[in-house]
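J.: Just a sequence and a predicted model for now, questions to come.
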Amino acid sequence: MKNGHNTDRLSWGDALFLYLEREGMPLNIACVSIFEGDFSAQECRQYISAKLPLLPRYYQRVVTPPLNIGFPSWEYDKQFDIRNHIREVTLENGTEAALKVLAAKILGMTMDRQRPLWDVTVIRGLKGDRTGVLIRIHHCLADGIAGVGLMNILMDPSPEPRAFAVKKKERRERRANDPVTQLLDGLLGAYSDVIERVLTAESHLATVGERIAGGGGFPAEEFSRLLPELTAPTERLFFNITYQGPQKYAWTKISLADIKAVREICGGTHNDVVLTLITAAVRRYAELHGDKVKGRLFRIMVPVNVRDPESAGELGNRISLLPVTIPLDIRNVRKLLDAVRQRSEFLKRAHMAELVGLAGGLLGFTPAPVQALVGPVASLLPITPFNLVCTNVRGPACPVYLLGHKMLDWYPYVPVGGEMALNCATLSYNGVSYFGFSGDVHAAPDLQKLGKFVQASFIELQHAAGIRPPRKKKARAAKTAKPREVKLRAAAAAAAAGSASQSQAQPSTTLDEQQVPVPLAAD
């Protein structure tokens, strides 16, 4: 929620990410970008230093009032040094696998709160004459939309850097007050924030009531069918365990044109297709680890941007949460897409995002000292409000450049914590939808399989839409045949091949050799 009283003070929603964070469980948003060519951290420092005056918040650090009376505030870091925020690492083995291992290590570290809460790591030595850039921003500073806004400022739309004139704003640095004055300021600020939240909640309640009353409602049959799913408690899957760390990070990608082709035939939005693929992939992943999916529900927390069009570039967290609950046992991927679409439309018509935002605003009435005290403990409690978080952010539709180098790929990252020890972020850029999977190594030891399951599920969706031809019957038979049957057939084929060779004929091919594997994108 927006904190309009004092732009130098964090809103309760922004501060919550500070309170929930604990050592070893960082709450940062991030991305790994891969660029053409080679460049250094020193070049990045010079380039970003020239643009940083456009982002004054990135000079500021978080300062907590005494006894956590009131929410933390933003203050300029008098010892700001960009060398503390942009560093360089060179890979010895420049493979994508090595890049993922390094990224996971960096993403699993908390940032120093005595400095502005962002950093950039330039990763050199990637094979194919490429350079990686990992950007981290603490969640108290920005959400996914604001993070893309930062990238839009740092990146250029062409290889030629944009010419711009930046007037350095005068830094109004407040003098350090004595502890008593800080305490009084905190009390006054906390009181003002409570009054503002009361007025905001009252306004939001009236607005939501008007929207629901004027929404036209929905059929009683649909309401009675879907409401029980929405109100049912979340059922834990095998990966819904308390986060311990360290982390793993994996990714995959799918062409936006291919997704659009499926949508044109099957209907639904881009987000519907993404949620369908994630659900299908999680079903495969759960079954791989021995979870039974029959009759089970899968609840995804989908962040929804609630910014006004006039404040599209606003920093901080301006999101609500949409709880999308989907049956996990729908194996026909086209029927699964229909189920996702129906539930997404139901939640929109019910104005669920507004209702959740209102409920979250009421939680903001909890005093700041209590939030600060309870936050680190809350992430250790056996509470599973959702099975998984899945963000979906729209990035630039055309290529962007850094220091004249084209960005080839852009993989997003969303933090994990509590009992949501596996999460997913998706981001569209330059005709591609990128999927980033973050997970605790104990909860998801084979995280890379999720990318393969997403690809396999999308191929099934293409088959169902008639875009890809169905697989050959013989190939399907080989995949579904029991091991003993396959061995018997192979033995018979081998005998036939031996007989044919004696008559100088071409050897026959076994069923196993004819089997056409499901093509998967490189992970």
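T.: All right, it came through fine.
J.: CA only for contacts and neighbour counts going forward, please
T.: Fine.
J.: Can you show me the strands along the stretch 1-150 of the chain?
T.: 28-36, 60-63, 73-76, 86-90, 118-126, 130-138 (DSSP state E, counting those that start in this stretch).
J.: actually the stretch 351-500 of the chain, not the one I typed
T.: 388-394, 401-402, 405-413, 422-429, 432-440.
J.: for the fourth one, packing partners?
T.: Spelled out, that is strand 422-429. Packing contacts for strand 422-429, counted by 3 or more C-alpha pairs under 8 Å, 6 or more residues apart in numbering; DSSP states H and E, involve strand 388-394, strand 405-413, strand 432-440.
J.: So for stretch 345-363, mean pLDDT?
T.: Averaged across stretch 345-363, the pLDDT comes to 63.
J.: Offset the numbering so it begins at 514, please.
T.: In the new count, where the first residue is 514, that last one comes out as stretch 858-876.
J.: how close does Tyr560 get to Ile666?
T.: According to C-alpha to C-alpha, to the nearest Å, Tyr560 stands 12 Å off from Ile666.
J.: sorry, back to before: burial-wise, tell me which of the helices and strands packed on strand 935-942 comes out on top.
T.: Mean neighbour count (mean count of other C-alpha atoms under 10 Å) peaks for strand 945-953 among those, with a mean of 25.
J.: between that one and strand 541-549, how many degrees?
T.: 130 degrees (axes from the mean of the first three to the mean of the last three C-alpha atoms, to 10 degrees).
J.: May I have strand 945-953 as PDB, with CA atoms only?
T.: Listed next in PDB are the C-alpha coordinates belonging to strand 945-953 (Å, rounded to 0.1, in the frame of the first residue of the first chain):
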ATOM      1  CA  VAL A 945      10.200 -14.800 -25.400                       C
ATOM      2  CA  SER A 946       8.600 -15.800 -22.200                       C
ATOM      3  CA  TYR A 947      11.200 -16.600 -19.500                       C
ATOM      4  CA  PHE A 948      10.600 -18.900 -16.500                       C
ATOM      5  CA  GLY A 949      12.800 -18.700 -13.500                       C
ATOM      6  CA  PHE A 950      12.500 -21.300 -10.700                       C
ATOM      7  CA  SER A 951      13.900 -20.700  -7.200                       C
ATOM      8  CA  GLY A 952      14.000 -23.400  -4.500                       C
ATOM      9  CA  ASP A 953      15.500 -24.600  -1.300                       C
END
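J.: returning to that earlier point: just tell me which of the strands of the stretch 864-1013 of the chain ends up closest to Gln757.
T.: strand 945-953 (6.8 Å; C-alpha to C-alpha).
J.: count of neighbours near Gly550?
T.: Neighbour count of Gly550, defined by other C-alpha atoms under 10 Å: 16.
J.: Contact partners for it?
T.: Applying C-alpha atoms under 8 Å, 6 or more residues apart in numbering to Gly550 gives the contacts Asp642, Arg643, Thr644, His918.
J.: before we move on, what about Cys911?
T.: Pro670, Tyr942, Asn943, Gly944.
J.: rerun at 7 Å
T.: Contacts for Cys911 (C-alpha atoms under 7 Å, 6 or more residues apart in numbering) come out as Asn943.
J.: likewise Phe593?
T.: Phe593 is in contact with Tyr572, counting by C-alpha under 7 Å, 6+ apart.
J.: so what's it scoring on pLDDT?
T.: What the model reports as pLDDT for Phe593 is 96.
J.: if I look at it, how far off is Leu667?
T.: From Phe593 across to Leu667, the span is 19 Å (C-alpha to C-alpha).
J.: ok, now Pro629?
T.: Pro629 is 17 Å from Leu667, by C-alpha to C-alpha.
J.: Show me which of these two is the more surrounded one.
T.: Neighbours per residue (other C-alpha under 10 Å) separate Pro629 from Leu667, with Pro629 holding more: 26 against 19.
J.: Pairing partners for the residue nearest to that one when sequence neighbours are not counted in the sheet, please.
T.: Ranked by C-alpha to C-alpha, 6 or more residues apart in numbering and with sequence neighbours excluded, the top spatial neighbour of Pro629 is Arg574, at 4.2 Å. Arg574 forms beta bridges with Glu588, as assigned by DSSP bridges.
J.: Now do the contacts for Arg574.
T.: By C-alpha under 7 Å, 6+ apart, the contact list for Arg574 reads Trp587, Glu588, Tyr589, Asp590, Arg626, Gln627, Arg628, Pro629, Leu630.
J.: quick check, nearest of these to Arg847?
T.: Distance to Arg847, by C-alpha to C-alpha, is smallest for Leu630 among those, at 43.0 Å.
J.: which residues touch that closest one?
T.: By C-alpha under 7 Å, 6+ apart, Leu630 lies in contact with Arg574, Met624, Ile650, His651.
J.: can I see the domain layout of this protein?
T.: What the record gives for the chain is the domain set 514-983, 990-1027, from automatic domain parsing.
J.: Mean pLDDT lowest where, among the ones you listed?
T.: Ranked by mean pLDDT, the domains of the chain bottom out at domain 990-1027, with a mean of 41.
J.: Who are the contact partners of the nearest residue to Phe530 once chain neighbours are set aside?
T.: In space, and not counting its chain neighbours, Phe530 is closest to Cys653: 5.5 Å by C-alpha to C-alpha, 6+ apart. Counting by C-alpha under 7 Å, 6+ apart, Cys653 touches Asp527, Ala528, Phe530, Leu531, Gly829.
J.: From Leu540, how far off is the first one?
T.: Note on Asp527: its distance to Leu540, by C-alpha to C-alpha, is 11 Å.
J.: same deal with Leu630?
T.: Per C-alpha to C-alpha, Leu630 is found 11 Å from Leu540.
J.: Spit out the residues that contact the two alike.
T.: By C-alpha under 7 Å, 6+ apart, Leu630 and Leu540 have these common neighbours: His651.
J.: ok, back up a step: what's the closest of the strands of the stretch 514-663 of the chain to Arg862?
T.: Minimum separation from Arg862 across those (C-alpha to C-alpha) falls at strand 541-549, 29.8 Å.
J.: That closest one - contacts with which helices or strands?
T.: Here strand 541-549 touches strand 643-651, strand 918-926, going by 3 or more C-alpha pairs under 7 Å, 6 or more residues apart in numbering; DSSP states H and E.
J.: Output those strands as CSV; include the columns distance to Asn936.
T.: Output for these, formatted as CSV (distance: least, C-alpha to C-alpha, whole Å):
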stretch, distance to Asn936
strand 643-651, 17
strand 918-926, 9
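J.: Looking at these, which is nearest to Arg535?
T.: Nearest to Arg535 among the helices and strands packed on strand 541-549 is strand 643-651; the distance by C-alpha to C-alpha comes to 12.9 Å.
J.: What pairs with that closest one, parallel or antiparallel?
T.: Paired neighbours of strand 643-651 in the sheet (DSSP bridges): strand 541-549 (antiparallel), strand 631-639 (antiparallel).
J.: possible to save these as a markdown table with distance to Gln968 and mean neighbour count?
T.: Formatted as a markdown table, the strands paired with strand 643-651 follow (distance: least, C-alpha to C-alpha, whole Å; neighbours: other C-alpha atoms under 10 Å):
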| stretch | distance to Gln968 | mean neighbour count |
| --- | --- | --- |
| strand 541-549 | 20 | 23 |
| strand 631-639 | 24 | 22 |
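J.: re earlier: same list, the contacts of Leu630, but as CSV with distance to Arg847 please.
T.: Formatted as CSV, the contacts of Leu630 follow (distance: C-alpha to C-alpha, whole Å):
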residue, distance to Arg847
Arg574, 48
Met624, 43
Ile650, 37
His651, 38
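J.: for those, which one is nearest Arg675?
T.: Using C-alpha to C-alpha, Ile650 comes nearest to Arg675 of the contacts of Leu630, at 23.8 Å.
J.: Could you give the bridge partners of the closest one?
T.: With DSSP bridges as the criterion, Ile650 is bridged to Ile542, Trp631.
J.: That one touches Val633, doesn't it?
T.: No - with contact defined as C-alpha atoms under 7 Å, Ile650 does not count as touching Val633 (9.0 Å).
J.: Lys761 should be in a helix, yeah?
T.: No - judged by DSSP: H, G, I helix; E, B strand; the rest coil, Lys761 forms no part of a helix; its state is strand.
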